[in-house]
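Engineer: missing the sequence, but the structure's below:
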């Protein structure tokens, strides 16, 4: 049974705050183990990576077989049925088209002093993408990470995907190929992150690492941060659906379950202005849980973290949504645009009853790597910006320096940074002398 | 004596690699102390903050005096001489004008399936800015952090600035007022970061914390990351000057010293295509070091981490610059624009001999909070983007869902996420049925 809350109940604020604050994940403390693995890879390079891969993935590699060869990839791709290839290609084309629009503009202008100012965007030279092995080896995640990198202009994009017992998902290799990935390594865990960050004889180091992973991967990414850039450390997934009574309860139930089936720690919340509709959705969830393949996972998530909240009106729903700051927000109401304008903090918004969140996971176009655990209050989903950096540019003329240099010299003196002031004053003295 | 390197020497690659890899900072391990402080503030709130402030800053506060009152600020501002106020106001106006141009655009379009796609930027609701106390209490840093936040549209901006023994820099309060800061608290250290991140009875929590600080502040920011957003953890400052012989050696010497005087761990590097000019600059540095107020600091930095590198031509200089990925890059050459086009990885570029880096520290307009320690390979200086987040938007029509829904259902089946597929298929069945 999920929680049923009603904003008109006197204890609502307490119950809602508890829902917001619920700790949904216990991360095992693997930091010491990860520190040792990283140190080992930094010291012994390929030899350490090969030993650790033998231990964790039960396969024996050599420096020559760390990387998938073109022939191996071509062979694996022959296994992919045509409908799956077509679906991946459609998804890739739509994700590429969306992300191409994100490319930011350079700027260059001359201000009223004659100073030339601006900035310039440039791509990260080399990026690494971690792809989990086993059950959570999702080709859609390859597309969502690799395509923004390539659209941004990353020159060299390497993937690390562990192949436990030699097993690899051919769709992952296909997604890599479609996305333009340059190198695919069959390594995983903290050792893969260390190899990408610091390099080995076989694997050149990268500048940025993105992609999801288990506790070891997450801890390793935290540790190499600074040496390389990383994306956010993602928490368990979540969805908030705001729906009025004019919806099919089964559709909404399936949308809630599409988060719940990810992970026992996932969270699905429905906010509605009709208590009867809320009960109908909960009933539909129960019915679907009888037969759903992943009912064991989805059932635990729904029982432990699911919630159905009844509110007086949609303005109240928007206010609660802003406090939740959900990763995914579905607005199944008569005027979803009006409600979207009021729901400020959300990773991605899906408008109207024909936009189930799963569309966004695969083929909508926007990225499915989104801020979790209320971090949509201050952060954004993955985009081309994650693979770009901005350099600011300024050029003073003698006239511009005469106009603004004295203020700089003044502030340098105020901050007791004499050389700062002298570097400006020496030029002003020449210009004025 | 700084290092003198020449790219034509046989051991150059080894020496340059050593320069690149030099560890310039030993961060004390204060993590356990910081963890205790944060836990204490989370548990006891204002009482803990007040006790810790009494211990570290030797002042006794109450919940009523944690925050500067409007009267206290007005009184402190009376002390500021007119020229300093005018310089700060000029700096603020230029920083504001530059950052206003950074505001990104929302997007909204309809694609060929009829799907409506786009994104929307919104500001972080509340941000906190840390300002160090004592010697490193720089009003320019207040402007550089607070103005982008306010330009982005942050509704509530709070400053934490410790006031050891009750001392406060009135220019910091003035910079806060000019920037539109809403609240100023006289607290510092890890306790200030904890109070901003988690809130107390007196201090409402924020969503994002930026600003420089000592090892305790840096460790606290790392720890609260995830609960709130943070900016980069900055390392010691650095400058690379690329200069040909047609420069005044004393100007270039002062530019190098304006980094060196910040910190014994700062790094100043000159690359030139004229060995004689390089020696002349080194001589000019020595001469200035005889009298510079901060010669003790600047001398150690120049001796331990300074370098003068002679190269064959400017293309070689650009290649080395890209390996250094400097925080600040000054191009004092005949055609700085041409060289800037080749120096891809840099936080900020200053073009031509009339643009000393100190202009950028104060009044140029671009931000002076920039990526250090080679992180310009993958990250950017502070900007309005640090106080904004993007929400992606998508709305399918029945026609759009018919066009792309089957591919989503296919990929969901490939990934064994049944509810994902059903949430799409149930809608398709109705539309087609």
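Structural biologist: On my side now, so go ahead. Computed from a predicted structure; not experimentally measured.
Engineer: Pretty sure residue A:203 sits against residue A:50.
Structural biologist: No - assessed by Cβ atoms under 8 Å, residue A:203 is found out of contact with residue A:50, at 11.5 Å. (Each C-beta comes from the backbone N, C-alpha and C, glycine too.)
Engineer: Who has more neighbours out of these two?
Structural biologist: Neighbour comparison, residue A:203 and residue A:50: the larger count goes to residue A:203, with 25 against 22 (by other Cβ atoms under 10 Å in any protein chain shown).
Engineer: And the strands in chain A?
Structural biologist: Remark: strands assigned in chain A by DSSP state E are A:3-6, A:107-110, A:116-123, A:126-130, A:156-160, A:183-185, A:208-210, A:229-230, A:238-243, A:267-272, A:307-310, A:328-332, A:348-351, A:388-395.
Engineer: Now do the shortest one: which elements does it pack against?
Structural biologist: Read that as strand A:229-230. Secondary-structure packing of strand A:229-230 (3 or more Cβ pairs under 8 Å, 6 or more residues apart in numbering or on different chains; DSSP states H and E): strand A:208-210, helix A:215-224.
Engineer: same thing with the first one?
Structural biologist: The helices and strands touching strand A:3-6, judged by 3+ Cβ pairs under 8 Å, 6+ apart, are helix A:12-21, helix A:275-289, strand A:307-310.
Engineer: Compare those and report which one is nearest to chain B.
Structural biologist: Chain B sits nearest to helix A:275-289 of all the helices and strands packed on strand A:3-6, at 7.3 Å, using Cβ to the nearest Cβ.
Engineer: Pull out the buried residues from that closest one.
Structural biologist: By neighbour count with 16 or more other Cβ atoms under 10 Å in any protein chain shown, helix A:275-289 contains the buried residues A:275, A:277-278, A:280-282, A:284-285, A:288-289.
Engineer: same thing with stretch A:164-176?
Structural biologist: Neighbour-count burial for stretch A:164-176 flags A:164, A:168-176 (criterion: 16+ other Cβ under 10 Å).
Engineer: ok, back up a step: most tightly surrounded among the helices and strands packed on strand A:229-230?
Structural biologist: Of all the helices and strands packed on strand A:229-230, strand A:208-210 has the most neighbours on average by mean count of other Cβ atoms under 10 Å in any protein chain shown, namely a mean of 26.
Engineer: close to chain B, is the lengthiest helix in chain A?
Structural biologist: The single longest helix within chain A, with elements called by DSSP state H, is helix A:82-100. Yes - counting by Cβ under 8 Å from any Cβ of the partner chain, chain B is contacted by helix A:82-100 at A:83-84, A:86-88, A:90-91, A:94, A:97-98.
Engineer: Same check on stretch A:345-357?
Structural biologist: Yes - using Cβ under 8 Å from any Cβ, we find that stretch A:345-357 touches chain B at A:345-357.
Engineer: tell me the contacts of residue A:258?
Structural biologist: A:239, A:356-358, A:361, B:417, B:419-420, B:422-423 (Cβ atoms under 8 Å, 6 or more residues apart in numbering or on different chains).
Engineer: So of the residues you listed, which two are at opposite extremes in space?
Structural biologist: Using Cβ to Cβ, the contacts of residue A:258 span at most 14.9 Å, a distance reached by A:239 and B:422.
Engineer: mind giving me CSV with the strands of chain A and columns for distance to residue B:244 and mean pLDDT?
Structural biologist: Listed next are the strands of chain A as CSV, based on distance: least, Cβ to Cβ, whole Å; pLDDT from 0 to 100:
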stretch, distance to residue B:244, mean pLDDT
strand A:3-6, 70, 96
strand A:107-110, 24, 98
strand A:116-123, 20, 98
strand A:126-130, 31, 98
strand A:156-160, 33, 98
strand A:183-185, 39, 98
strand A:208-210, 34, 98
strand A:229-230, 33, 94
strand A:238-243, 57, 97
strand A:267-272, 61, 98
strand A:307-310, 67, 98
strand A:328-332, 56, 98
strand A:348-351, 51, 98
strand A:388-395, 16, 98
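Engineer: That's all I had, so thanks and see you.
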